[in-house]
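Colleague: Prediction below, plus the sequence it came from.
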Amino acid sequence: MPDARTRLPPLVKSLSARLLVLTVFFVMLAEVLIFAPSIARFRLVYLEERIAAAHLATLSLEATPDHMVSEELARRLLSHAEAHAIVLRGPKSNKMMLSKSTIPLVDKTYDLRRKSFMGLIMDAFSTLAQNENRILRVIGRSPKNPRVVVETIIDETPMRMAMYDYANRILQLSIIISLVTAALVYFSLQLLMVYPLRRMTESMTSFRRGPEDPQRIIVPSRRSDEVGVAQRQLHDMQVALRTALRQKARLAAVGTAVTKINHDLRAILATAGLVSDRLAHIDDPDAQRLAPRIIESIDRAVNLCSSTLQYAKGEVPQPQRSRFALHEMVDEIGAALPARHRERAISWENAVPITLEADADRDQIFRVLANLGANAVEAGARKVRFSASRGDGSAGQAILIDVEDDGPGLPPKARENLFRPFACSARNGGTGLGLAIARELVRAHGGDLTLRDTGQNGTCFRLDIPLPRPVQ
């Protein structure tokens, strides 16, 4: 069944289209947030203009002795002010008034002298929500003379229609601004982000189909921003991966050849071993002197073949965990040293607490520690010390085992290629497989084998074997 994402229309799948829609949405959202104070301000200005028109209409009353005008003139003045009635209060409490013969009942009173930001916004939306004409009583100070208070009674519908017209103009302007902004953002993002990302995606897809083809590696741009960094990192990763794949392919071919050769070579070495055993029983002094060296060389060749074959298989056996005493196992490793090492009076110090137990594969840990000890002795160490304790490892509580020696230390080349097979041996005739296989065995336990220190005073390796977590 195909993935649901593959059935989406191209417009929805396109990153640039989504950015376009989001840009329009955010611009419209910003316009909405701007609209609320804008429409409130428009309504306030409209009412202030009505106050100013009302004050202007009452100026004619000042020209008459009794502050009265004819009914016809009053009607024309009120029509000009768009009011039903106007009341003017001066600083000396004198009062002048223009009104129609009949004044409708007031539905709502607004005092512009006591206005607030949120109050103006709420009043504006209240006006927009009305569907009937309300009679409003508006009170405010005259813009010509702040000491004069003007009251006017007006219809709300003309103001609401003016607000609708203003809102329509704001909406049209917002749509134009949002579309223009979205188009600019769209094309900018196309050039700056979408096209480079699409190019990187196509390069990764093409590289996945043929990682060994150098033509499929992306050519990074000279951009100094995050996209340029990502392109250069992708280029470096593709080059490194292609090189690693080529090396692995060659190693696989070599491993196949070594596996085929190893069987015949071991048979030849077995025959040589039988001949060497017969030489050891000959009374000739030269044969007695050379036979041990021949046997030792054959044993080393057999071990080399076995190690190479095992590493070529690439199989790391799963640990068969059990609880065992570390102190006892270290004593066994010292007793199992080859005879040629015991003749050198090697000091084998076991500083592991007698009561300390490990939970691991005993045979695998034995092999790792024996390899480290043998490496130290073959490197020229006179003293090898084993110590262990519980502590914080790389994955929580663990058994930490240190293997220290007083040898000459690892040379710089060996430190650079440490744990790399066929490259990290510090002695002649070594393959470097011992440390590589030892680390794989420890990592199979969830821990690690690391080099803590090396120098003229000796070398120290550490095993980090995590303790099993309790069952919840």
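Modeller: Alright, I've got the coordinates. Just so it is clear, the model here is predicted, and its values are computed rather than measured.
Colleague: Okay, helices next: where are they in the stretch 251-400 of the chain?
Modeller: Counting by DSSP state H, counting those that start in this stretch, the stretch 251-400 of the chain has helices at residues 285-313, 326-335, 339-342, 362-378.
Colleague: looking at the ones you listed, which has the lowest confidence?
Modeller: In terms of average pLDDT, helix 339-342 trails the rest of the helices of the stretch 251-400 of the chain, at a mean of 53.
Colleague: Please identify the buried residues of stretch 41-59?
Modeller: Neighbour counts using 16 or more other CB atoms under 10 Å place 42-44, 46-48, 50-58 of stretch 41-59 among the buried residues. C-beta: built from backbone N, CA, C; applies to glycine.
Colleague: and which of those is nearest Glu226?
Modeller: For the buried residues of stretch 41-59, the residue nearest Glu226 by CB to CB is Phe42; the value is 44.2 Å.
Colleague: quick check, distance from stretch 35-48 to the centre of its chain.
Modeller: The chain centroid and the centroid of stretch 35-48 are separated by 47 Å under CA atoms, centre = their mean, to the nearest Å.
Colleague: Same question for stretch 77-89.
Modeller: Worked out by CA atoms, centre = their mean, stretch 77-89 lies 68 Å from the chain centre.
Colleague: From the buried residues of stretch 41-59, pick the one nearest Pro317.
Modeller: Distances from Pro317 to those, taken by CB to CB, are shortest for Phe42, at 82.1 Å.
Colleague: if I pick the closest one, what's in contact with it?
Modeller: Going by CB atoms under 8 Å, 6 or more residues apart in numbering, Phe42 touches 124, 162-163, 166.
Colleague: Go again with 6 Å.
Modeller: Tyr166 (CB atoms under 6 Å, 6 or more residues apart in numbering).
Colleague: measure Met237 to Pro146 for me?
Modeller: Met237 sits 74 Å away from Pro146, going by CB to CB, to the nearest Å.
Colleague: And for Leu173?
Modeller: Leu173 is 34 Å from Pro146, by CB to CB.
Colleague: What is the neighbour count of the nearest residue to Asp107 once chain neighbours are set aside?
Modeller: Closest residue in space to Asp107, ignoring its immediate chain neighbours: Arg134 at 4.1 Å, by CB to CB, 6 or more residues apart in numbering. By other CB atoms under 10 Å, the residues close to Arg134 number 17.
Colleague: same check, this time on Lys95
Modeller: Number of residues near Lys95 (other CB under 10 Å) recorded here: 11.
Colleague: same check, this time on Ala40
Modeller: Neighbours around Ala40, by other CB under 10 Å: 22.
Colleague: Now do the contacts for it.
Modeller: So Ala40 contacts 120-121, 124 (CB under 6 Å, 6+ apart).
Colleague: So which of these sit within strands?
Modeller: With strands taken from DSSP state E, there is no overlap with those.
Colleague: closest to Val32 among the residues you listed?
Modeller: Ranked by distance to Val32 (CB to CB), these are led by Ile121 at 12.4 Å.
Colleague: The closest one against Ser38, yeah?
Modeller: No - Ile121 is beyond contact range of Ser38, at 10.0 Å (criterion: CB atoms under 6 Å).
Colleague: so what sits against both of these two?
Modeller: By CB under 6 Å, 6+ apart, no residue touches both Ile121 and Ser38.
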